[in-house]
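Novice: predicted coordinates and the sequence they were generated for:
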Amino acid sequence: MNRLFFYVLLSLAVVLSSFAQNVDKSLVSKKAEEAKKAVEELKKVDTGDKIWTFSGIVGTNSAATGMVNWAAGGKNNVNGIAFARLRLLWKKDHFAWDTSLDTEYGLSWIDQDEDPLQKSNDKINFSTKMGWEFRKSWYLTVLGAFQSQYAMGYEYVTGYNPPISKWLAPSYTDFSVGIDWKPNKIFSVYASPFAGRITSVSVSDGFNDRFRKQYNEDMKKLDPNAEWVDYDLRQVLQEKYGTYVYADDGETKVYKNARAEFGFTFKGAVNYKYKDLTLMTTLGLFTPYAWDKRPINNPDSYFKYMDNNRRFGNFDVDWDVAISYQLLKLLNVTLSTSLKYYNGLLIDKVHDDGTTTVAERVQFKSVLGLGVGYTF
């Protein structure tokens, strides 16, 4: 009896053990399948890549200099600049949209009777491009860009300050279709053989009339016997920024509000951040295809042909660099530079002997400042 009972218990244990193993295997297999499906669903929801990426630098820089009985000379002054350099990148599947804004405005107060408040910085650079990825890191891209400024610009001279720029005078609007190479979110290179540029000088009739009156009032202050002059700010700015063409006689200038050109453009950009250091730089080149070889009938003219040096191979250059280092969360040190060169844009230069010459010149500006800012 005891032997029979032992065999029954042994058989029951074997059966229960086999059943438990089958249950465990089935349960484990089911849980494993569920986990696998969960992983697949999670991959669909979050691939690890952000669709939107927003980065940039915003802040203000300021400096003040005070002097009392300073033998070396100088004047008390206060300088302030507000700036923003922003980039918004959207990327999904085979499409990418990249938009950037580089803007700044600054004023200087100088302890002097004439023109104590002067503009020191004024810039608006906006660009946006949409691309379709036809091959890894290569995009067929449509690009639009705009450059101008916020406020009036003056040439600060003794007695009278002639205006030399204003909002939309000048402005540069670019449209193009080309190829964009974007190996990562830091670096991009764009080239287009189908590029258009519109250089505009927009001055309304009312604005022009007010400045004509202001000019003559200023001249009367300098010389009560000065006669009325039909001062035309619009034509002055159109002359300066080259929005005119020559008539067939090669001498008469026909002034226009805008000049449209078709040519080749190249753009490069770097947006790099390492810990508290941020580097942002953009380079833009444009050269028109048109070339009017007809000579100008003016031996004293800087230009010899009607194209005013606006010919293929002569590049307009815009190169901006901004380096920022974040300190203590709120403070940052920034170094920004701008280099420009525009064919056809003549700039005066006063020499030591008092003579003045005009020529196409490289424009360069740098600003080093410590201020309140935020990098992201």
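Specialist: Done, it's in.
Novice: which of the helices or strands spans K220?
Specialist: Taking DSSP states H and E as the definition, K220 sits inside helix 205-222.
Novice: quick check: angle from the helix or strand just after that helix to helix 205-222?
Specialist: Where DSSP H and E defines the elements, the next helix or strand beyond helix 205-222 is helix 233-241. Interaxial angle, helix 233-241 versus helix 205-222 (axes from the mean of the first three to the mean of the last three CA atoms, to 10 degrees): 90 degrees.
Novice: list the buried residues for helix 233-241?
Specialist: For helix 233-241, a neighbour-count test (16 or more other CB atoms under 10 Å) marks L233, R234, Q235, V236, L237, Q238, K240, Y241 as buried. C-beta coordinates here come from the backbone N, C-alpha and C atoms, glycine included.
Novice: which residues touch the helix holding K220?
Specialist: Applying CB atoms under 8 Å, 6 or more residues apart in numbering, the contact partners of helix 205-222 are G159, Y160, P163, A226, W228, V229, D230, Y231, D232, L233, R234.
Novice: hang on, the earlier thing: can you list the buried residues of helix 233-241 in a markdown table and add pLDDT?
Specialist: Converted to a markdown table, these look like this (pLDDT from 0 to 100):
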| residue | pLDDT |
| --- | --- |
| L233 | 94 |
| R234 | 95 |
| Q235 | 95 |
| V236 | 93 |
| L237 | 95 |
| Q238 | 95 |
| K240 | 92 |
| Y241 | 94 |
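Novice: and the longest strand for the protein?
Specialist: Ranked by residue count under DSSP state E, the longest strand found in the chain is strand 117-135.
Novice: tell me the buried residues in that one?
Specialist: For strand 117-135, by 16+ other CB under 10 Å, it's Q118, K119, N121, D122, K123, I124, N125, S127, K129, M130, G131, E133.
Novice: quick one: contacts for the last one?
Specialist: Applying CB under 8 Å, 6+ apart, one finds that E133 lies in contact with H94, F95, A96, Y139.
Novice: lowest pLDDT pick from the contacts of helix 205-222?
Specialist: Lowest pLDDT among those: G159, with 75.
Novice: tell me which helix or strand comes right after the longest strand of the chain.
Specialist: Taking DSSP H and E, what comes next after strand 117-135 is strand 138-148.
Novice: what helices or strands is that next one leaning on?
Specialist: strand 117-135, strand 171-181, strand 187-200 (3 or more CB pairs under 8 Å, 6 or more residues apart in numbering; DSSP states H and E).
Novice: burial check on the closest residue to R234 other than its chain neighbours, number of neighbours?
Specialist: Using CB to CB, 6 or more residues apart in numbering and skipping the chain neighbours, the partner closest in space to R234 is V203 (3.9 Å). Residues lying near V203 (other CB atoms under 10 Å) number 21.
Novice: can you classify V203 as helix, strand or coil?
Specialist: Under DSSP: H, G, I helix; E, B strand; the rest coil, V203 falls in the coil class.
Novice: thinking again about what came up before, next, the angle from the longest strand of the chain to strand 187-200.
Specialist: For strand 117-135 against strand 187-200, the angle by the same axes, to 10 degrees is 120 degrees.
Novice: grab the CA positions of strand 117-135 and hand them over as PDB.
Specialist: Extracted in PDB, the C-alpha atoms of strand 117-135 (Å, rounded to 0.1, in the frame of the first residue of the first chain):
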ATOM      1  CA  LEU A 117      23.300 110.400 -30.100                       C
ATOM      2  CA  GLN A 118      24.500 108.300 -33.000                       C
ATOM      3  CA  LYS A 119      23.600 104.900 -34.500                       C
ATOM      4  CA  SER A 120      26.300 102.400 -34.200                       C
ATOM      5  CA  ASN A 121      24.700  99.100 -35.400                       C
ATOM      6  CA  ASP A 122      21.700  98.400 -37.600                       C
ATOM      7  CA  LYS A 123      21.200  95.100 -39.400                       C
ATOM      8  CA  ILE A 124      18.400  92.800 -40.600                       C
ATOM      9  CA  ASN A 125      19.400  89.500 -42.300                       C
ATOM     10  CA  PHE A 126      16.600  87.000 -42.800                       C
ATOM     11  CA  SER A 127      16.700  83.800 -44.900                       C
ATOM     12  CA  THR A 128      14.600  80.800 -45.300                       C
ATOM     13  CA  LYS A 129      14.900  77.700 -47.500                       C
ATOM     14  CA  MET A 130      12.800  74.600 -48.100                       C
ATOM     15  CA  GLY A 131      14.400  71.400 -49.500                       C
ATOM     16  CA  TRP A 132      13.500  67.900 -50.600                       C
ATOM     17  CA  GLU A 133      16.100  65.200 -50.000                       C
ATOM     18  CA  PHE A 134      16.600  63.400 -53.200                       C
ATOM     19  CA  ARG A 135      19.700  61.700 -52.000                       C
END
